[in-house]
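Visitor: What follows is a predicted protein model with its sequence.
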Amino acid sequence: MSEQTITVSMGDGIGPEIMKSTLKILEAAEVPLKYEFIDIGEKVYLEGYTSGIKPEAWEILKKNKIFLKAPITTPRGSGYKSLNVTIRKTFGLFANVRPCISYHPFIFTRHPDLDIVIIRENEEDLYAGIEYQQTSEVVECLKLVSYPGSEKIIRYAFEYAKAYNRKKVTCMVKDNIMKLSDGLFSKLFKEIAKEYPDIESNSEIIDIGSAHLADRPENYDVVVTLNLYGDIISDLVAQIAGSVGLAGSANIGNQLSMFEAIHGSAPDIAGKNIANPSGLINASCMMLVHMGLGSYAEIIQNAWLKTIEDGIHTADIFREGISKKKVSTEEFTKEVIHRIKNKEKPQTLKPISYKSNKAMGIIQAKRLNLKKELVGVDIYLDYKGKAVELGENLTALLKNQSNLKLRIITNRGVKVYPEGIIDTFCSDHWRCRFVSKNSSEIEGEPILPPIPKEEILKLLSLLYEAGYDIIKTENLYYIDGKRAFSLGQGE
Ligand code: ATP
């Protein structure tokens, strides 16, 4: 098999020790890889590179496409940017993958059969960092969910299940409340699941889903979700698995995929030959499966599991009565290598088997260009008065001067005019929904004729001249013939 070159960084703190151990293990398993090393981290930050990486390293990362990364130390103080965030944004790493596994009875956990992979969308959702304060009282944060972004992560989850020999994918979002954004994700999940008939699939609402995850994690296999939910449940599941120190993680993109241990650079124990290299070893095995070298990953992970099972433990996981021998980083590495040579498999822990030896390819997503019809506008006002007064004044203002009419006013999503919930607390942030004067309604569903965009501009001028403080507008569309905006509560 021809050797592929990957990028490797030795990192800071315990990084060099655990990376040396990992590379020795890859060598012992005769993995057909060559390494190109880059310097990133503390030294580079202190040389004045604010993201901890030099320009020439970008080229190497781009060329090799696969990056095995040891933990780094970000110097204290302001002005230093997170290297991971910079790499993730530069290369569009859309998936964060966190396998969480119990190693009962060798590592303490209340959930002996937990073996879950959380696949978290990594680029969108509330993490786009788009926030505004437009009134004294209200701050907003935009949640962006795109069709291609969702398609990529969902497809990746199913491809992952195939490559890593997983049986089921569960989608967790809150589409009963966020019907458009989370609804897009769950709808796409159901469609894409049909393309993978050999993999079981189901959907759960994230609130009850995460409660079930914490209570009966053995019922889950692969979980795919949006950015924020994924952030929360990946920490939750990692915590209850009890094995964060042994876990690897991956950030996957079409141009670059990065594999690393979950733990940090642990400077307190650096250079002492006591660090546990398991997190990085497991990360390197995730990398091998990703590259289509799963047969090597299988040998390494089974040897590693057997080492854990034989009670050969580094100090961080050593427990009297369960562990047999406390070993250094180098001794642990030798023990794993010994078991690689003998192709040993665990007896109590579940042996690993990766059936596919196919590299994971580029994950494609469709681009859309759907028919869009403008049918109204929500104009947000900063207003200090009462709902009825605002509603009546706006209605009167528009009467003979606009082809639009005020349909409703909501405050924090709740309808307050006309005939709104009188007792609801009203902030200074009002959404006023304007639609064509010729609109009607059938069984609560508004039937809205198209409006020309000029009507919105005219309306904005009218409101401005009447002294209203306009803080933002959102256009209302029918997209592909369907209402593409939510109705206010009580609308
Ligand atoms: P970071 O801020 O870099 O993510 P952190 O504050 O979460 O890091 P870590 O560097 O992950 O902290 O480590 C916390 C402590 O756990 C360390 O001080 C160390 O004692 C222990 N530790 C972490 N990783 C290992 C390891 N691989 N082997 C042994 N002990 C470890």
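Guide: In hand now; what should we look at? Numbering: from 1, shown residues only.
Visitor: Assumed residue 234 was part of a helix.
Guide: Yes. Secondary structure of residue 234 (DSSP: H, G, I helix; E, B strand; the rest coil): part of a helix.
Visitor: can you pull the contacts of it?
Guide: Counting by Cβ atoms under 8 Å, 6 or more residues apart in numbering, residue 234 touches 96, 98, 100, 118, 120. C-betas here are computed from N, CA, C, even on glycine.
Visitor: do that again at 6 Å, thanks
Guide: 98, 118 (Cβ atoms under 6 Å, 6 or more residues apart in numbering).
Visitor: Offset the numbering so it begins at 59, please.
Guide: Let's use 59 as the start, then, which means that last one is residue 292.
Visitor: Just say helix, strand or coil for residue 406.
Guide: Strictly by three-state DSSP, residue 406 counts as coil.
Visitor: contacting residues for the nearest residue to it once chain neighbours are set aside?
Guide: Spatial nearest neighbour of residue 406, chain neighbours left out: residue 367 (5.6 Å); criterion: Cβ to Cβ, 6 or more residues apart in numbering. By Cβ under 6 Å, 6+ apart, residue 367 lies in contact with 404, 406, 407.
Visitor: so which strand or helix has the nearest residue to the last one once chain neighbours are set aside?
Guide: Of all residues not flanking residue 407 in the chain, residue 363 sits nearest, at 4.8 Å (Cβ to Cβ, 6+ apart). When secondary structure is defined by DSSP states H and E, residue 363 falls within helix 352-367.
Visitor: Kindly export that helix (C-alpha atoms) in CSV.
Guide: Taking Å, rounded to 0.1, in the frame of the first residue of the first chain, the C-alpha atoms of helix 352-367 are listed here in CSV:
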residue,chain,number,x,y,z
GLY,A,352,-9.5,0.8,9.7
SER,A,353,-7.8,-2.6,9.8
TYR,A,354,-4.8,-1.0,11.4
ALA,A,355,-7.0,1.0,13.8
GLU,A,356,-8.7,-2.3,14.8
ILE,A,357,-5.4,-3.9,15.7
ILE,A,358,-4.2,-0.9,17.7
GLN,A,359,-7.4,-0.3,19.6
ASN,A,360,-7.8,-4.0,20.5
ALA,A,361,-4.3,-4.1,21.8
TRP,A,362,-4.9,-0.9,23.7
LEU,A,363,-8.2,-2.3,25.2
LYS,A,364,-6.3,-5.5,26.2
THR,A,365,-3.7,-3.4,28.0
ILE,A,366,-6.4,-1.5,29.9
GLU,A,367,-8.1,-4.8,30.7
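Visitor: coming back round to it: verify the stated contact: the residue nearest to residue 407 with residue 404.
Guide: Yes. Counting by Cβ atoms under 6 Å, residue 404 is a contact partner of residue 363 at 4.0 Å.
Visitor: what about residue 507, how many residues close to it?
Guide: 13 (other Cβ atoms under 10 Å).
Visitor: Tell me how this structure divides into domains.
Guide: The chain breaks down into these domains under automatic domain parsing: 59-167+300-417, 169-282, 430-541.
Visitor: if we can go back for a sec, tell me the confidence at the residue nearest to residue 407?
Guide: Per-residue pLDDT puts residue 363 at 98.
Visitor: Also residue 301?
Guide: In this prediction, residue 301 has a pLDDT value of 84.
Visitor: gap between the two ends of stretch 179-190?
Guide: Distance across stretch 179-190, first residue to last, is 23 Å (Cα to Cα, to the nearest Å).
Visitor: what about it, distance to the chain center?
Guide: Relative to its chain's centre, stretch 179-190 lies at 10 Å (Cα atoms, centre = their mean, to the nearest Å).
Visitor: For it, which outside residues touch it?
Guide: 151-154, 198-203, 207, 211, 284-286.
Visitor: Show me which of those are buried.
Guide: Burial by neighbour count, 16 or more other Cβ atoms under 10 Å: within the contacts of stretch 179-190 this picks out 151, 152, 153, 154, 201, 203, 207, 211, 284, 285, 286.
Visitor: is it true that the fourth one touches residue 178?
Guide: Yes. Counting by Cβ under 6 Å, residue 178 is a contact partner of residue 154 at 4.4 Å.
Visitor: And residue 85, its phi and psi?
Guide: Dihedral pair for residue 85: phi -70, psi -40, per degrees, to the nearest 10.
Visitor: how many neighbours does it have?
Guide: Around residue 85 there are 12 residues (other Cβ under 10 Å).
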